[in-house]
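> next come a sequence and a model predicted from it.
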Amino acid sequence: MVVRVFPSILEAARDASKEAADVIRRALDSRGEACIVAATGNSQLEFLRQLRQQPGINWERITFFHLDEFVGLGPEHPGSFATYLKEHIVERFQPGHFYFINSLAKPHDECVRLSQLIRNKTVDLAFTGIGDNGHLGFNEPPADFTVEEPFLVVSLQHATRLQQLRTGNFKRLEEVPQQAITMSVPQIMRSKQILTLVMGEHKQEAARNCLEGAVSPRCPASVLRRHPRNTWYLDSSASALLQGTVVGSKRPNDAD
């Protein structure tokens, strides 16, 4: 694991986009295709803008998978992650294929469909963030680190639903769905490389817990410290509470 801290979101996003582009180019050179897991959120926006400017990538040879989505929220809703991904990835990058989570399908059946699609795929790169409560995707604490299924139906905690309310995409807490479909922790960890972007003062405590607390299901994104090729990109605000983390260099994978 590598942790990198930058003075601004722009600088962090620019550096992350260069690493992402290098990974994608290597996959295209070796296999003629690449597969990416895409997250949403404000931490990803500048990164995606910077990634679009990286040269030498044939996006038509790239497949994307949708990381997580609310159950029952139609794609026309402003809080839908599908809406975000269509606007910021599909319309601007025009990839060869994007496997969306169908939020209006029967949740169990949709998990089965998505699991079948991804089981035989080599995922070259995953873009992730972390929730205010340390969740990874929508794997809420305590997360299942051993589940075999690639996609799961999960119940959302009150803290997560409040976080979504603060985005302004929902008028009342009651409008925020109580369930979601998410890629499981083990499936995320099967990605050959993971870039974790954490931006803003409101992520300070989550960043500290994930990077300096115990690796535990109670802080799901802490499991990323076990991944051999995971880089964290933080701006100075998000990193303000870090004390023991060695910034800019590799750390050994933490044990339980």
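Cool, the structure landed.

> residue boundaries of the helices in this structure?
Using DSSP state H, the helices of the chain run over 9-31, 42-52, 81-85, 91-93, 107-118, 158-165, 185-189, 204-212.

> so where's this structure shaky on pLDDT?
For the chain, applying pLDDT under 70 flags the ranges 246-256.

> nearest to His66, of the helices of the chain?
The closest of those to His66 is helix 81-85. By Cβ to Cβ, the value is 6.3 Å. C-betas here are computed from N, CA, C, even on glycine.

> hang on, the earlier thing: could I get the helices of the chain as a markdown table with mean neighbour count?
Below are those laid out as a markdown table (neighbours: other Cβ atoms under 10 Å):
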| stretch | mean neighbour count |
| --- | --- |
| helix 9-31 | 18 |
| helix 42-52 | 20 |
| helix 81-85 | 21 |
| helix 91-93 | 14 |
| helix 107-118 | 16 |
| helix 158-165 | 16 |
| helix 185-189 | 21 |
| helix 204-212 | 21 |
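
> I'd like these as CSV, with distance to Gly74 appended.
Below are the helices of the chain laid out as CSV (distance: least, Cβ to Cβ, whole Å):
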stretch, distance to Gly74
helix 9-31, 30
helix 42-52, 22
helix 81-85, 9
helix 91-93, 18
helix 107-118, 14
helix 158-165, 16
helix 185-189, 25
helix 204-212, 29
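
> quick one, which of those is nearest to Pro177?
Taking Cβ to Cβ, helix 158-165 is the member of the helices of the chain nearest to Pro177, at 8.0 Å.

> hang on, Trp232 packs against Arg4?
Yes - counting by Cβ atoms under 8 Å, Trp232 touches Arg4, with 6.7 Å between them.

> neighbour count winner among the two?
Trp232 (28 against 17; other Cβ atoms under 10 Å).

> any idea how far that one lies from Pro150?
According to Cβ to Cβ, to the nearest Å, Trp232 stands 24 Å off from Pro150.

> phi, psi for Phe145 please.
When read as degrees, to the nearest 10, the backbone of Phe145 gives phi -90, psi 0.

> list the contacts for it?
185-186, 217, 223 (Cβ atoms under 8 Å, 6 or more residues apart in numbering).

> equivalent analysis for Gly72, please.
By Cβ under 8 Å, 6+ apart, the neighbours of Gly72 are 103-104, 177, 179.

> let's see 6 Å
Pro177 (Cβ atoms under 6 Å, 6 or more residues apart in numbering).

> repeat that for Gln50.
If you count contacts by Cβ under 6 Å, 6+ apart, Gln50 has them with 13-14, 17.

> nearest spatial neighbour of it, skipping sequence neighbours?
In space, and not counting its chain neighbours, Gln50 is closest to Ser17: 3.7 Å by Cβ to Cβ, 6 or more residues apart in numbering.

> the one you found against Gln53, yeah?
No - the pair Ser17 and Gln53 fails to qualify as a contact (Cβ atoms under 6 Å) at a distance of 7.4 Å.
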